[in-house]
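Enquirer: heads up, no residue letters with this:
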């Protein structure tokens, strides 16, 4: 689950804006959106890979049992 370590950057940005009164710029928003897209995309990719693995495992099991 090292993909979620990228979310730490978002938490840091939000904490800086809320607690340290740092300025929030457009590049923070763009970077945050890119991080979220990357995390979500990787999770969908992992789900797809898991389903593919399960199908291959089932096919091998069916061949062995016949």
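Expert: Noted; the coordinates are in hand. Treat the numbers as computed from the prediction; the structure is a model and nothing was measured.
Enquirer: what's the closest non-adjacent residue to residue 10?
Expert: Spatial nearest neighbour of residue 10, excluding adjacent residues (C-beta to C-beta, 6 or more residues apart in numbering): residue 32 at 5.3 Å. All C-beta spots, glycine's among them, are computed from the backbone N, C-alpha and C.
Enquirer: Counting neighbours, which bits of the helix or strand containing the one you found end up buried?
Expert: Secondary-structure assignment from DSSP states H and E places residue 32 in helix 26-65. By neighbour count on 16 or more other C-beta atoms under 10 Å, the buried set for helix 26-65 is 28, 32, 35, 39.
Enquirer: who are the neighbours in contact with the residue nearest in space to the middle of the chain?
Expert: Geometric centre of the chain, nearest residue: residue 39, 2.0 Å, by C-alpha atoms, centre = their mean. Neighbour list for residue 39: 3, 4, 6, 7 [criterion: C-beta atoms under 8 Å, 6 or more residues apart in numbering].
Enquirer: Recalculate using a threshold of 10 Å.
Expert: Residues near residue 39 by C-beta atoms under 10 Å, 6 or more residues apart in numbering: 3, 4, 5, 6, 7, 10.
Enquirer: Correct me if wrong: the fourth one contacts residue 35.
Expert: Yes. Contact between residue 6 and residue 35 holds when scored by C-beta atoms under 10 Å: they sit 5.1 Å apart.
Enquirer: Tell me the spacing between the residue nearest to residue 13 when sequence neighbours are not counted and residue 6.
Expert: In space, residue 13 comes closest to residue 28 once its chain neighbours are excluded; the distance is 5.3 Å by C-beta to C-beta, 6+ apart. Per C-beta to C-beta, to the nearest Å, residue 28 is found 14 Å from residue 6.
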